[in-house]
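A.B. asks: Give me coordinates for this.
(3 chains)
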Amino acid sequence: MKTENQKAWFFVLPVLVLVAFNALIPMMTVVNYSVQETFGDNVFFWQGLDWFEQILRSDRFHAALGRQFLFTFLILIIEVPLGIIIALSMPRKGFWVPVCLVTMALPMLIPWNVVGAMWNIFTLPDIGLLGYFLNHVLGISYDMTQNPLAAWVTIVTMDVWHWTSLVVLLAYAGLVSIPDAYYQAAKIDGASNWAVFRFIQLPKMKTVLTIAILLRFMDSFNIYTEPFVLTGGGPGNSTTLLSIDLVKIALGQFDLGPAAAMSLIYFAITLLVSWLFYTLMTKDDLN
Amino acid sequence: MAKITLSKLRHSYMPAPQSPSDYALKEIDLDWSDGGAYALLGPSGCGKSTLLNIISGLLVPSEGQILFDGKDVTGLPPDQRNIAQVFQFPVIYDTMTVYDNLAFPLRNRGRDEDTVRDRVMAIAEMLEVTGMLGQKAAGLSPDNKQKISMGRGLVREDVNVVMFDEPLTVIDPHLKWKLRSKLKELHQRVQATMIYVTHDQTEALTFADQVVVMQDGEVVQIGTPVELFERPAHTFVGHFIGSPGMNILPCSLQSGTALFGDQAIALEGPIPGQPEGKTEVGIRPEFVSLANSGLPATVTKVSDVGRHTVVECSANGTRINAIVEGAGPEKGAAVHLDFRRDQTRLYVEGWLASTPETAAETVR
Amino acid sequence: MAKFRGSFSPYADTETCPTPALIKGQAVRSQLPESQITMALELRNVTKRVGAIEHIKDTSLVLEPGHFNVLLGATGSGKTSLIKLMAGLDPMASGQVLMEGEDISRLSTQKRNISLVHQFFINYPHMTVYENIASPLKVAGMAKSEIEDRVAEAAAILQLKPMLHRRPHELSGGQQQRCALARAIAKESRAVFLDEPLANLDYKLREELRDQLPELFAGRGAVVVYATSEPEEALLLGGRTALMRDGRVSQFGTTAKIYRDPGNLDAARVFSDPPINTATVTKEGTTARLGPDVQWQLDGAAAGLRDGSYSIAIRPYHVLPSASEKASVRLDGRVQVTELSGSESSAHFDLGLGGTAGGEAQANWVSLSAGVHPYKIGEMHDFYMDPSACYFFAPDGSRAA
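C.D. replies: Predicted coordinates:
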């Protein structure tokens, strides 16, 4: 269209360059690796789709993928309802609003590796606050370096602590945007608290919750730093999530080809599931 | 349906109100009979919404009582008062169908599905929304959404009062007309007590049998639309109702005669007592005509509003509007204004002081 | 503006190209061809499309300074879309916008030197009233003393002087909108767009501000465009009115004239509040027949029409509850709703139009009359219409007589 100002493209250019360096070039490199085999010295052999086949058939991949889905499932099933409950119980106006909001935001401000290290120390059986309390005060045997269940409970708790706030803040934003008239009308219509939640609050929060669920899915499905710092994938392979396994293959064994193929499969799964989530959750809006 | 009584009602949003100005609502006593159509009319901040919220139970008054059929409901929450309210912005339950929206208040009260269906169908018929019962309510146009909110109010047969809080704000003018007459029709059919809150005089006057005009938290006048139009009790009512509002001319009183400048103005009748304070003559533009003799004035503006012409004149520095049929005079023309005598009132300190001739005679 | 004339002006290569200095000179303007002397804002075959939907359909308009240019139409009729095109906020699909003869279609909003006052009171919340009014002048790099003068003038006109140092949230709705208007006035832009500026104000405030608006802009030389959905507002503002419906201007002309002389059925419908009464009549010779019972003799232009079926439209205040010299044609109607507004009564009634294949056809009409009339709901009542106030339209909606 002639009426549009073409100068605008000039301002978009830096972003395009950045995206190219950040995403496209590494991506192409990965694609390149995934179809080749190398033994070092920059010598490559054509491998075709063999790596993909191998990865897709490997039990190790299946196990890591299963753990990954379990982890994400637990995260979503805990954090989303918990976030909504906390958001519902927060005050809508007054002095306590900023206090609550800042408190909620605090965990999210801490860097991932610090979170991992913090929880690592926190849970050490002999000197960690939590570990000591559980083992020596309550007498529960708790050591996540030995017990896979303890390790799982710890990484899930840590993630809940770290990221539930995100769901809370988004849900809260959706809640405060509901005009008072809706609550008043519901009171007059004789609606129960559950009906108010089901027919007013939940529908009005839907858009932000969709965003919250998508963000939490993608983040938890790609999580690496915190569990790596906390458990290193152990004990055994019990907390070796997909990302941790991927790094082990790539940097531990320097199997660049399989690692590249695996990361592409990983990427495809993330994309597919995100798309599924999004389509399912926005299905009603299209009508 | 119920008779509504407001007794010595006062409300302040402050915890410890001292002076009268701390009250958003100053002492109000009212009796509204069963099945009437009432309007609360006033500018923003006059306290009409506060009063509405007190009647619906969303707000508990600082002092006084609200009685429904003589029963004190002051402390009852909204859901126990059996009232319905339609808000400024249509409130609908987005995820439900139109049918479920209408059925919602009945289902919440545990009515069986047969009763629900009968009531919903009857109300839908009345509102002419039968065709959209199966549709999701979220996709409706604003006027249909507002119809559904009205329907939710009317669907319960045991409602004491239906309240409307500026319900036509978001409705387009040509649909406003339709919805307003729909509302009037509904009232004439179901005979429920209805209270309509608005700042729009046209809406208030066309809807209500009796209008309560409010200003600064006080009731200025309660009357039928005709009373408010013909005998405003206060210059505020004269100004607020009518378009353009009543002409208010400062005047002096000399031995019972009103003088505007040095022009004597014949009033509707005698003025009882010895009025003291600011005196003004009030006359509606509808009763001012252009004549060969009378008050000399200069035309300052002529607006052709289609069905008649508004002639704005200036006399002794006071603006006087006249409504005339057909084409008006030219701007700048010198004219004489004639006031219809039986519609010319005297106001002292803002309040109506003159009495009609006949009424005065019967008193004597 | 001179900067762009060379490349964008349609007169760039012609002998008569007016220089910016001369275009304002009366003597030169009168020598120029009609189409070029205008100070106006001109739309030439403008369209706007979003996806496959045409929001504005081929529209040409010449909006002149010196009076209000009212865009009248219901919500969704395209008033705001048209204003956005003129303001450069939305791209056009085709066509041109010309300001004082200069093509500004490709200019950004910032360079068009226009003001826009919106339905919602839009001010900068963190600035005082003074800073709000001064902001466009500061952006334009005006000298401080001149800014002070202009702000003082605008504030005086809009009675904002006592609150120049307050912030918008400390003002009432009416004052906030006056602040937005003052900003538009102080800027002295070439065009001012007022998009339903009074819609969110109280009835009486609206009345007051509407009364003042034409005077505010009188003698400022700006093209004033005012969008509204209320016919009464258009009449009170006077000037010229463009009736809009479905993204199209159905009629444009002097406000009072097009009110009395609607060019088509759409225009008559848009420009009538309460809604205009319509029905279908059959014309035979000099007789018009409405339903089985009503007929009257035609004279004037209507009598000269070809025989056949026509739509008639008549405004409610020409349908009265009692007969008079003019209101002479009797109608029988069943009263459905009555309204009383103090000085006037209105009755909605169903007018029987006789039997058709699908049963008895009915038209829903309204009568509006001065005074108080006792109607009984659900009962038949006589109404009398003034046949000289009837507009006749051909079946395609165009005005017949």
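A.B. asks: My understanding was that C:L41 contacts C:L63; is that so?
C.D. replies: Yes - counting by CB atoms under 8 Å, C:L63 is a contact partner of C:L41 at 4.6 Å. Bear in mind the C-beta positions are built from the backbone N, C-alpha and C, glycine included.
A.B. asks: Show me whatever sits in contact with both of those two.
C.D. replies: Contact with both C:L41 and C:L63 is made by residues C:A191, C:V223, C:V225, according to CB atoms under 8 Å, 6 or more residues apart in numbering or on different chains.
A.B. asks: what about C:L41 and C:L63, which has more around it?
C.D. replies: Between C:L41 and C:L63, counted using other CB atoms under 10 Å in any protein chain shown, C:L41 has the larger neighbour count: 26 against 22.
A.B. asks: What are the neighbouring residues in contact with A:P91?
C.D. replies: A:V97, A:C100.
A.B. asks: Let me know the distance separating it from A:V97.
C.D. replies: For A:P91, the distance to A:V97 (CB to CB, to the nearest Å) stands at 6 Å.
A.B. asks: re earlier: just put the shared contacts of C:L41 and C:L63 in JSON lines and tack on neighbour count, pLDDT and distance to chain A.
C.D. replies: Listed next are the shared contacts of C:L41 and C:L63 as JSON lines, based on neighbours: other CB atoms under 10 Å in any protein chain shown; pLDDT from 0 to 100; distance: CB to the nearest CB, whole Å:
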{"residue": "C:A191", "neighbour count": "25", "pLDDT": "90", "distance to chain A": "18"}
{"residue": "C:V223", "neighbour count": "27", "pLDDT": "92", "distance to chain A": "20"}
{"residue": "C:V225", "neighbour count": "25", "pLDDT": "94", "distance to chain A": "20"}
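A.B. asks: Of those residues, which belong to strands?
C.D. replies: C:A191, C:V223, C:V225 (DSSP state E).
A.B. asks: Can you list the low-confidence ranges for the stretch 101-250 of chain B?
C.D. replies: Along the stretch 101-250 of chain B, no part satisfies pLDDT under 70.
A.B. asks: for chain C, what are the nearby residues on it?
C.D. replies: With the criterion set to CB under 8 Å from any CB of the partner chain, the stretch 101-250 of chain B comes near chain C through B:172-174, B:177-178, B:180-181, B:184-185, B:188, B:199-202, B:205-207, B:225-226, B:228-230, B:239-245.
A.B. asks: Are any of those buried, and if so which?
C.D. replies: B:172-174, B:177-178, B:180-181, B:184-185, B:199-202, B:205-207, B:225-226, B:228-230, B:239-245 (16 or more other CB atoms under 10 Å in any protein chain shown).
A.B. asks: Test my guess that C:R248 contacts C:K79.
C.D. replies: No - assessed by CB under 8 Å, C:R248 is found out of contact with C:K79, at 11.7 Å.
A.B. asks: What is the neighbour count of B:P275?
C.D. replies: 16.
A.B. asks: How about the backbone phi and psi for it?
C.D. replies: phi -70, psi 140 (degrees, to the nearest 10).
A.B. asks: Enumerate every residue touching it.
C.D. replies: B:L253, B:L346, B:V348, B:A353.
A.B. asks: State whether the first one is indeed within a strand.
C.D. replies: Okay, so that is B:L253. Yes - assigned with DSSP: H, G, I helix; E, B strand; the rest coil, B:L253 falls within a strand.
A.B. asks: Compute the number of surrounding residues for it.
C.D. replies: Quick note: B:L253 (other CB under 10 Å) scores 17 neighbours.
A.B. asks: just checking, it touches B:F260?
C.D. replies: No - between B:L253 and B:F260 there is no contact under CB under 8 Å: 11.0 Å.
A.B. asks: residues in contact with stretch A:226-240?
C.D. replies: Applying CB under 8 Å, 6+ apart, the external contacts of stretch A:226-240 come out as A:63-64, A:67, A:112-113, A:115-117, A:119-120, A:144-148, A:151-152, A:154-155, A:158-159, A:162, A:241, A:244-245, A:247-248.
A.B. asks: cool, and stretch A:148-165?
C.D. replies: A:71, A:74-75, A:78-79, A:82-83, A:86, A:104-108, A:110, A:115-116, A:119, A:123, A:142-145, A:216, A:219-220, A:223, A:226-227, A:230-231, A:234-236, A:238-239.
A.B. asks: Would you mind writing the CA trace of that stretch as CSV?
C.D. replies: What follows is stretch A:148-165, C-alpha atoms only, in CSV (Å, rounded to 0.1, in the frame of the first residue of the first chain):
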residue,chain,number,x,y,z
PRO,A,148,14.5,-40.7,44.3
LEU,A,149,11.1,-39.8,45.8
ALA,A,150,12.7,-37.2,48.0
ALA,A,151,14.5,-35.8,45.0
TRP,A,152,11.3,-35.5,43.0
VAL,A,153,9.4,-33.9,45.9
THR,A,154,12.2,-31.4,46.3
ILE,A,155,12.4,-30.3,42.6
VAL,A,156,8.7,-30.0,42.3
THR,A,157,8.4,-28.0,45.6
MET,A,158,11.2,-25.8,44.4
ASP,A,159,9.5,-25.1,41.1
VAL,A,160,6.2,-24.4,42.9
TRP,A,161,7.9,-22.0,45.2
HIS,A,162,9.7,-20.3,42.3
TRP,A,163,7.0,-20.0,39.7
THR,A,164,3.5,-20.2,41.3
SER,A,165,3.8,-16.4,41.7
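A.B. asks: Which residues in that stretch does the neighbour count mark as buried?
C.D. replies: A:150-152, A:154-156, A:158-160, A:162-165.
A.B. asks: Please name the nearest non-neighbouring residue to the residue in the stretch 101-250 of chain B that chain C sits nearest to.
C.D. replies: Closest approach between the stretch 101-250 of chain B and chain C, counting by CB to the nearest CB: B:F229, at 2.9 Å. The shortest distance from B:F229 to any non-neighbouring residue, by CB to CB, 6 or more residues apart in numbering or on different chains, is to C:G342 (2.9 Å).
A.B. asks: coming back round to it: name the nearest of the contacts of B:P275 relative to A:G174.
C.D. replies: A:G174 has its nearest neighbour among the contacts of B:P275 in B:V348, at 56.9 Å by CB to CB.
A.B. asks: one step back: turn the contacts of B:P275 into a markdown table, including pLDDT and secondary structure.
C.D. replies: As requested, those are exported to a markdown table (pLDDT from 0 to 100; DSSP: H, G, I helix; E, B strand; the rest coil):
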| residue | pLDDT | secondary structure |
| --- | --- | --- |
| B:L253 | 87 | strand |
| B:L346 | 93 | strand |
| B:V348 | 92 | strand |
| B:A353 | 89 | coil |
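A.B. asks: which element is the residue lying closest to A:T282 once chain neighbours are set aside on?
C.D. replies: Counting by CB to CB, 6+ apart, A:T282 lies nearest to A:T210, which is 6.5 Å off, once chain neighbours are set aside. Per DSSP states H and E: A:T210 is located in helix A:202-221.
A.B. asks: And what about the residue in chain C that chain A sits nearest to, helix, strand or coil?
C.D. replies: Across chain C, no residue is closer to chain A than C:P91, which sits at 4.8 Å (CB to the nearest CB). Put simply, C:P91 is coil when judged by three-state DSSP.
A.B. asks: what's the answer for the one 4 residues further on, then?
C.D. replies: Here C:G95 is recorded as strand under three-state DSSP.
A.B. asks: What of B:V91?
C.D. replies: B:V91 ends up coil, using three-state DSSP.
A.B. asks: and if you look at C:R330?
C.D. replies: C:R330 ends up strand, using three-state DSSP.
A.B. asks: what pLDDT does it get?
C.D. replies: Predicted confidence (pLDDT) for C:R330: 90.
A.B. asks: One more: C:W365?
C.D. replies: 91.
A.B. asks: hang on, it in a strand?
C.D. replies: Yes - counting by three-state DSSP, C:W365 is found in a strand.
A.B. asks: doesn't C:G352 make contact with it?
C.D. replies: No - C:W365 is beyond contact range of C:G352, at 10.9 Å (criterion: CB under 8 Å).
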